[in-house]
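Engineer: Need a 3D model of the sequence below.
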Amino acid sequence: MLELFIANKNYSSWSMRPWVAMRETGIAFQEVMVPFDDFAPGSDFKRTLQGLTPAGKVPVLRDGSLVVWDTLAILETLAERHPERQLWPQDPAQRAHARSLCAEMHAGFRGLREACPMNIEASLPEAGAIVWRDRPALRDDIARIDAMWSECLREHGGPMLFGRFSIADAYYAPVCMRILTYALPLSATSMDYVRRVAALASVRAWCDEARREHRFVIEDEPYRAGPQARTDG
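Structural biologist: Predicted structure coming up:
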C-alpha cells in the first residue's frame, strides 16, 4: 500500500495537500506521522526522514522502492497513476490553468505564509487584524488569491475552483484554513468557497485530527508562545 509520510496536522500545510487529495478521491494509503520537534540535523524529525528523502522534509510518498518527495511531485505522480480519479480537470485548458494556480501557490505568497502560519486548532482574529494592518505583502497576497478564486468560480460555476474537486482545491485548502484561523477579509464569493472547502469530508477529517493532536511547537506558534502557551499533552 502507498505510504504518505506527514507531520503534525495542525501545522503542516504541505502535508495537508496530498492527504486531502488522496482522501477526497478515495486513493488508499497508510499515513505515517513524523511529528515536528525541531529542524536541527540531529532532531528526531530529521533522523526519521534521513535515508528516505534527501530534502529531509514532509510530505513523502513511498510505494515500495519508489519514493517521491515535494507536494507537487507527489500529486502529479498520483494523477498519472490514477487517471480514473480525475485529480486534474479533464479539459486541457482548465488543466493548464489549474496547474498554473498550483505552481503559483507552490512558489509564492510568502507574505501570507510568514504572517499567518497554519494553525488549525487556534482562533486568532486579533493577530489576523494586526498583521492585516501592518503587512502590505499579506494584503497583496490575499487580494491575488481572492481574484483568482473569484475568476475560477465565476468561469466554472463552482462549487470547487474547476467545478468538481481537483488538486487545485487540495492545494488551496491550507489557505482556506489560514483565512478562517486569522479571520482574514475576503469577497463574499471567495468566503463561500472557503466554507465549502472546510465542509469537504477530507478537510473535516484532517481538521478534527489536528484539533486532537495537542502538540505545541513553539516555532509554529508565534502568537501563542508566551505564558499562556500549551505544552505537549
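Engineer: What residues sit buried inside the helix ranked longest in the chain?
Structural biologist: As assigned by DSSP state H, the longest helix anywhere in the chain is helix 136-156. Judged by neighbour count (16 or more other CB atoms under 10 Å), helix 136-156 contains these buried residues: 138, 139, 141, 142, 145, 146, 148, 149, 150, 152, 153, 156. Yep, even glycine has a C-beta here, placed from its N, CA and C like the rest.
Engineer: same check, this time on stretch 189-202
Structural biologist: 190, 191, 193, 194, 196, 197, 200, 202.
Engineer: swap in stretch 37-47?
Structural biologist: Within stretch 37-47, the residues that count as buried by 16+ other CB under 10 Å are 37, 45, 46.
Engineer: Tell me which other helices or strands the worst-scoring helix or strand of the chain on mean pLDDT touches.
Structural biologist: Least confident helix or strand of the chain, by mean pLDDT, DSSP states H and E, is helix 44-49 with a mean of 80. The helices and strands touching helix 44-49, judged by 3 or more CB pairs under 8 Å, 6 or more residues apart in numbering; DSSP states H and E, number zero.
Engineer: Let me know the average pLDDT across the helix or strand just after that helix.
Structural biologist: Downstream of helix 44-49, the next assigned helix or strand under DSSP states H and E is strand 60-63. The average pLDDT for strand 60-63 rounds to 96.
Engineer: for strand 60-63, packing partners?
Structural biologist: strand 3-6, strand 66-69, helix 71-81.
Engineer: how about these, which one is nearest residue 115?
Structural biologist: Nearest to residue 115, of all the helices and strands packed on strand 60-63, is helix 71-81, at 20.9 Å by CB to CB.
Engineer: ok, residues contacting the closest one?
Structural biologist: Contacts to helix 71-81, defined as CB atoms under 8 Å, 6 or more residues apart in numbering, come from residues 4, 14, 17-18, 21-22, 27, 59-61, 68, 85, 87-88, 102-103, 106, 167, 170-171.
Engineer: Residue 5 bridge partners, please.
Structural biologist: Note on residue 5: beta-bridge partners by DSSP bridges are residue 32, residue 60.
Engineer: got the domain boundaries for the protein?
Structural biologist: Domain segmentation of the chain under automatic domain parsing yields 3-85, 92-209.
Engineer: and residue 215, which of those domains is closest to it?
Structural biologist: Nearest to residue 215, of all those, is domain 3-85, at 5.5 Å by CB to CB.
Engineer: Flag the shaky bits of this structure, pLDDT-wise.
Structural biologist: Within the chain, the segments meeting pLDDT under 70 span 38-40, 216, 218-233.
Engineer: taking the buried residues of stretch 189-202 one by one, which sit in helices?
Structural biologist: Short answer: the buried residues of stretch 189-202 in helices (DSSP H) are 190, 191, 193, 194, 196, 197, 202.
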